[in-house]
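[1] Pasting the sequence and the predicted model now:
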Amino acid sequence: MYKVILAIRYLVKRRITYFAVLAVALCVFIVVVVMTVMIGLVTGFTQKNHSFVGDCVVGTESLVGFPYYEDFADVLKQASFVEAVSPVIKSYVLVTPVGSEHNYGLEMMGIDSALHSMATGFGETLHHHKLDAAKAFAPAYDPNLTGFVVGIDRWLERDSNGRYDHSPSPTRAGLAVTCFPLTAKGALAKAGAGLANTKTFYFSDTSQSGLAKVDSSLIYLPFDEAQLLCMAGSVTRASAIHLKFKPNVRLQSGCEEVASLWRKFKQETAGQSQASLLENVTVQSWKDNRRAFIAPMEKEQTMLTVMFALVGLTTVFIIFVVFYMLISHKSKDIGILKSVGVSNANIMILFWGFALLVGLMGSAIGVLFGCSFLVYINDIEGWLFEHFRFQLWDRTIYAIDDIPNQVELRVVAVIVLSAIVACWVGALVPTWQATRLKPVETLQVSRL
Amino acid sequence: MSSNDSMLKAEGVFKSYRMGATKVKVLKGVDLAVKRGEFVAVVGASGSGKSTLLHILGGLDKPDKGIVRFYGRDLNRFSAGELNRYRNKMVGFVFQFYHLLDELSVLENVYLPAMVSKSIVAWFGYRGPAKKHARQLLDQLSLSDRADHKPYQLSGGERQRVAIGRALMNEPKLLLADEPTGNLDSTTGNGILDALEKLNRAGQTIVMVTHDERIAERAGRIITLADGKIRS
């Protein structure tokens, strides 16, 4: 019982321990806040990428595309583990607003809006057609016109709070979309009066995927129109097929099944016209398909974790110094305790208990303040912006609505446990030294 | 004197310390026997090894050579656990500089050895009687009104009486006092000696070391330590 009493009294009565508690609390506070925000950002970014491409992509990097996609889409539709399939045309187009001489280049995706909404989260990204994605390319002001859907940042500007100024219904606006159609061999095909196909599409909706690059440089066109614009030849081609698996289908096994089906399909199609284009087609999970975008962010998170490991090391050192000083000051107490029969093991337990209390107390304070700060982080940022024009992430640049502040219990538990272990490690050497102290050396002014 | 007659017996105890490059021989074959109920004063000049002898008798230090027997059992052969129990239950220490724990109240300092002797669970059953006993000791030492004070709020004499209370808490067979009046004025010191005499009259065995022969005269037997050996 004396161990509990003394550990608590050392914690409460020794001012130096306040610094140790404060150091732990500060570290825990910083780690909880930054990890929560970072994990929130990475998770959100990852989910948005998943939503953008679906579960699996069968496709080619080549702008020529690959043939017999309809046949393979039929094969996939019959597979028990596949829920939805969406063929896609991918290319680059030159866009000229009607009545303007200025033009700009955009990435283009030709999709069947209904199918693509089933295979990916496309429908959810729409503003005017969220509830009826099948009609995404039918402008509300004239459904007979051929519409386009464009990345929101290409069409609307955001205010400093990150809000877009949507009009209640889409306003009439036309874009002349120009594309160079490619033959199956990758050559420019003769089209219309020259080498380029041009068609005017009318604004129907915006798409907000939450991915900055997508929202600023992508235009969606109806699949058939996109195919006519970009792909010439006797056999119709597509750039990719996006798939969604049925619930409870594991990503890896689903992709392996698709790859197996693709190999079989490729063998069956061998020898047919343009079958060589099938050789360039790969089957990728959404993670592999978006690896180039997700990996840097994950790397950033890893680097952040390493940096926090260094913060943890600093904490260990602070705890070590505090304990070293404390035990130096308390060497007389150790002698007294030994003189009344306290064992070395119990001296160790006493100071480890003390370290545990420092860790628990520091962690509790750090978590409390960290969680409180996270609850109000967006309000705090709003207030800072209102009064000092300071914004952590410029909403006109970054595609985030709010700073992520969803505290994960698992993460907090790991941080608290790490803090306690750091305290224990920091106290290890001084505590071990304490047990080695000889009572006669600490109790006597003169040894003789 | 056979070991059966003696509570405590030191035979040919040697002890030396290294001070830098020099090895200082402090005890050079000390023989000593203390009977149950005795009040023995060990007198010697400063640096004669009195405190070292006391620490060896109390199991706080080990001799380089020689044997210390407590009721016939060799302290050198005690395991670490047995030595801890010996210091906790058989011996009570009173130091010149009191050595109380500032984080504990006077009452807690007194019942500290009782707490040490029990596990947390056992302590909850024993706490009541232990506190009662500690309060009785404080009452006997005229410190009842100081029970909830902290050691630093007490005078030197009061602190030493608290130290005596702590030493007696587990009713040890042997009380070892190291210059118990060395840090006190003569009036307060006399009070402490009165308390020790009273305890001895009640049957407590006491070994006290002091450099002051007048103080030693309060004991039943005086042993002089000089040049690392017992002279008388």
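    Now that the structure is in, tell me what you want to look at.
[2] Spell out, range by range, the strands that occur in chain A.
    A:56-59, A:66-67, A:82-97, A:104-111, A:147-151, A:174-179, A:197-207, A:218-222, A:237-238, A:240-245, A:282-285 (DSSP state E).
[3] If we go by neighbour counts, what in the longest one is buried?
    Going by neighbour count (16 or more other C-beta atoms under 10 Å in any protein chain shown), the buried part of strand A:82-97 is A:82-91, A:93-96. To be clear about C-beta, it is placed using only N, CA and C from the backbone, and glycine gets the same treatment.
[4] ok, that strand: who's next to it in the sheet?
    strand A:104-111 (antiparallel), strand A:174-179 (antiparallel), strand A:240-245 (antiparallel) (DSSP bridges).
[5] angle of the first one against strand A:147-151?
    With axes from the mean of the first three to the mean of the last three C-alpha atoms, to 10 degrees applied, the angle from strand A:104-111 to strand A:147-151 works out at 120 degrees.
[6] What of the second one?
    Between strand A:174-179 and strand A:147-151, the angle formed by their directions is 80 degrees, by the same axes, to 10 degrees.
[7] Let me know the angle separating strand A:174-179 from strand A:218-222.
    90 degrees.
[8] Ok, the last one next?
    Relative orientation of strand A:240-245 with respect to strand A:218-222: 90 degrees, computed using the same axes, to 10 degrees.
[9] cool, and the first one?
    If you take the same axes, to 10 degrees, strand A:104-111 sits at 40 degrees to strand A:218-222.
[10] buried set for strand A:104-111?
    Buried-residue list, strand A:104-111, by 16+ other C-beta under 10 Å: A:106-111.
[11] Helices of the stretch 101-250 of chain A, start to end?
    A:113-119, A:122-125, A:152-155, A:212-217, A:223-230 (DSSP state H, counting those that start in this stretch).
[12] As CSV, these with distance to residue A:54 and mean neighbour count would be great.
    Below are the helices of the stretch 101-250 of chain A laid out as CSV (distance: least, C-beta to C-beta, whole Å; neighbours: other C-beta atoms under 10 Å in any protein chain shown):
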stretch, distance to residue A:54, mean neighbour count
helix A:113-119, 4, 23
helix A:122-125, 9, 21
helix A:152-155, 20, 21
helix A:212-217, 14, 18
helix A:223-230, 15, 22
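[13] Which of these sits closest to residue B:60?
    Nearest to residue B:60 among these is helix A:212-217 (72.2 Å), distances taken as C-beta to C-beta.
[14] Let's have the strands paired with strand A:82-97 in TSV, adding mean pLDDT.
    As requested, those are exported to TSV (pLDDT from 0 to 100):
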stretch	mean pLDDT
strand A:104-111	95
strand A:174-179	94
strand A:240-245	96
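[15] Relative to residue A:140, tell me which of those strands wins on proximity.
    strand A:174-179 (14.8 Å).
[16] ok and the closest one relative to strand A:197-207, angle-wise?
    Going by the same axes, to 10 degrees, strand A:174-179 makes 120 degrees with strand A:197-207.
[17] now strand A:174-179, how far from the centre of its chain.
    Centroid separation for strand A:174-179 versus its chain: 33 Å, with C-alpha atoms, centre = their mean, to the nearest Å.
[18] Kindly export it (C-alpha atoms) in PDB.
    What follows is the C-alpha trace of strand A:174-179 in PDB, where atoms were taken according to Å, rounded to 0.1, in the frame of the first residue of the first chain:
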ATOM      1  CA  GLY A 174     -22.300  24.800 -74.800                       C
ATOM      2  CA  LEU A 175     -18.900  23.400 -75.300                       C
ATOM      3  CA  ALA A 176     -17.400  22.300 -78.600                       C
ATOM      4  CA  VAL A 177     -15.400  19.200 -77.900                       C
ATOM      5  CA  THR A 178     -12.700  18.300 -80.300                       C
ATOM      6  CA  CYS A 179     -10.800  14.900 -80.400                       C
END
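[19] what does that strand rub up against?
    The contact list for strand A:174-179 (C-beta atoms under 8 Å, 6 or more residues apart in numbering or on different chains) reads A:91-98, A:103, A:108, A:148, A:196-203, A:219, A:221, A:229-230.
[20] Out of the buried residues of strand A:82-97, which is nearest to chain B?
    residue A:83 (59.5 Å; C-beta to the nearest C-beta).
[21] That closest one touches residue A:254, doesn't it?
    No - taking contacts as C-beta atoms under 8 Å, residue A:83 lies outside contact range of residue A:254: 10.1 Å.
[22] Need the overlap of contacts for the two.
    residue A:245.
[23] Run through the chain and note the low-pLDDT ranges.
    Just going to use chain A. A:160-162, A:191-194, A:394-400, A:444-448 (pLDDT under 70).
[24] my bad, the chain I had in mind was chain B
    Using pLDDT under 70, chain B drops low at B:1-5, B:232.
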